[in-house]
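Novice: okay, predicted coordinates and the sequence, questions at the end:
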Amino acid sequence: RTSIVAGAEVVFTTLSSSGMRCIAQSPPFNTVIIDEACQAVEASCLIPLATGAARCVLVGDPRQLPAFVLSAEPGAELYQRSLFQRFEEAGWPVVMLRTQYRMHPSIRAFPSRFFYSSQLADDPSVDPARRRSPIEGDEWVRHLCFYDLVGSKEQRPDGRSLTNRDEADFCAALLAHLFSTWGGRVDLRGRVVVLTPYRQQVRAVANAVSQRLGCEVP
């Protein structure tokens, strides 16, 4: 491993693995690039810097989620702070990439205004005029919608993962509306995704969709 690392022009590794002996014993790296640097605690970012690099580039977004630290002890918030954030708070120059290529301008508008002082700009590739769909006129499934199900309750049937049956049923109802209204005019195969951070909720949504649409959900 040491010989392979020593002969490589570029080495890809996690922060923790950058402390492996095969890397530590290789010649010093000229540059260390840490991606998602704002989601790593400061101590983890110091590991690759111990390789003797002459230059370090931190890439990340300090306005997104920080590193996950499971501790209620005083000072845990400071431990959660990334090396990127420390430099930014100290006045170190930060280059902001302002052009976004991923989302419709109406989706971009809120995070741009709330997190980035309205500095984000849209690439021409996401121009609405170039990507219009007949579904855009449907008020139930606009580009960005928030539905507040008042009175719905979360549960932990297995004692760990959360689930909310009312929200699962609502997702199934939205999908039923989407496919019944637009399925005959727009090819929706592979273009609709339901995301949830909880395993039990995945099962609840899958069951609700199966019952509502009469189809099997993998």
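Specialist: On my side now, so go ahead. Here the structure is a predicted model, which means the values were calculated and not measured.
Novice: count of neighbours near C45?
Specialist: Residues lying near C45 (other C-beta atoms under 10 Å) number 21. Placement of C-beta: from N, CA and C, glycine included.
Novice: next one: S161
Specialist: S161: 15 neighbours (other C-beta under 10 Å).
Novice: excluding chain neighbours, what is closest to it?
Specialist: In space, and not counting its chain neighbours, S161 is closest to Q200: 3.9 Å by C-beta to C-beta, 6 or more residues apart in numbering.
Novice: next, give phi and psi for the one you found.
Specialist: Backbone geometry at Q200, expressed as degrees, to the nearest 10, gives phi -60, psi -30.
Novice: how about T31?
Specialist: According to degrees, to the nearest 10, T31 has phi -140, psi 140.
Novice: would you check that it makes contact with C56?
Specialist: Yes: between T31 and C56 a contact is recorded at 7.4 Å, counting by C-beta atoms under 8 Å.
Novice: looking at these two, which one has more neighbours?
Specialist: Applying other C-beta under 10 Å to T31 and C56 shows that C56 carries more neighbours, namely 16 against 10.
Novice: regarding the more buried one, which helix or strand does it belong to?
Specialist: strand 55-58 (DSSP states H and E).
Novice: point out where the protein drops to low pLDDT.
Specialist: 74, 218 (pLDDT under 70).
Novice: do a quick rundown of the helices in it.
Specialist: Assigned by DSSP state H, the helices in the chain fall at 2-7, 21-24, 42-49, 76-80, 83-89, 105-115, 165-182, 199-213.
Novice: quick one: closest of those to G137.
Specialist: Among the helices of the chain, helix 165-182 comes nearest to G137, with 10.2 Å by C-beta to C-beta.
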